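**Q** Okay, predicted coordinates and the sequence, questions at the end:
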Amino acid sequence: MSNRAVLVSELVDAVRGAVAQDVAREGPDSGLVVTEVELEIKATLRAGTDGRAQWYALSAGAQVSREQVQVFRLAWVRTAEVRLRESTEVQYQLITGLDALYIGLSEWTAAGPLPFRPRDAELRLQLAVLESGELRLAGVGAQTAQGHTHLVTLKLGPRPETQP
């Protein structure tokens, strides 16, 4: 098994790819859409292959002290105009999690009319970086030490109105 470290930028690209795929699937009549993305990454600073210091996402089998771990929290808010490009780094687990939210929202209204409208939804996933460099949902083929996971939060709400 290779021990390939994953740069923080690679982890961000993987999450971005999943969100891009979800945005591409949206139709004009989508009820709730992803409006916010939050990413919490546990990382360490160490020398890269070129000898320069770089930030690496903590991997599942990492042997590091608590003092070596730094936390990055990144957040994005959706604007009315979206221009996301296709990505080959799309992670299946994020898309299926969003699908589960969409199914739950649909089932609520499919059961019959009630005096409620959807307000928001949230998907929070613990991600693990395997020693091979693969990104996985924690607990699904990825056993990780406590504190070695990264948190992705996708918030769904009404589509932002287009500004004139």
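**A** Nice, thanks for sending it over. Quick caveat: nothing in here was measured; it's all calculated off a predicted structure.

**Q** Run through this protein and note the low-pLDDT ranges.
**A** The chain contains residues with pLDDT under 70 at 1-4, 81-93, 111, 139-147, 162-164.

**Q** After the longest strand along it, which helix or strand is next?
**A** Longest strand in the chain by number of residues (criterion: DSSP state E): strand 32-47. Using DSSP states H and E, the helix or strand that follows strand 32-47 in sequence is strand 53-57.

**Q** So which other helices or strands are in contact with that following strand?
**A** The contact analysis (3 or more C-beta pairs under 8 Å, 6 or more residues apart in numbering; DSSP states H and E) places strand 53-57 against strand 6-7, helix 8-25, strand 32-47. C-betas here are computed from N, CA, C, even on glycine.

**Q** before we move on, the earlier item: what's the angle from the longest strand of the chain to helix 8-25?
**A** 170 degrees (axes from the mean of the first three to the mean of the last three C-alpha atoms, to 10 degrees).

**Q** any chance of the helices and strands packed on strand 53-57 in CSV, with distance to Y102 too?
**A** Listed next are the helices and strands packed on strand 53-57 as CSV, based on distance: least, C-beta to C-beta, whole Å:
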stretch, distance to Y102
strand 6-7, 29
helix 8-25, 9
strand 32-47, 8
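
**Q** Redo those as TSV? Include distance to Y56 and mean neighbour count.
**A** Output for the helices and strands packed on strand 53-57, formatted as TSV (distance: least, C-beta to C-beta, whole Å; neighbours: other C-beta atoms under 10 Å):
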stretch	distance to Y56	mean neighbour count
strand 6-7	6	18
helix 8-25	7	19
strand 32-47	6	17
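
**Q** what's the nearest residue to Q54 if we skip its chain neighbours?
**A** G48 (3.9 Å; C-beta to C-beta, 6 or more residues apart in numbering).
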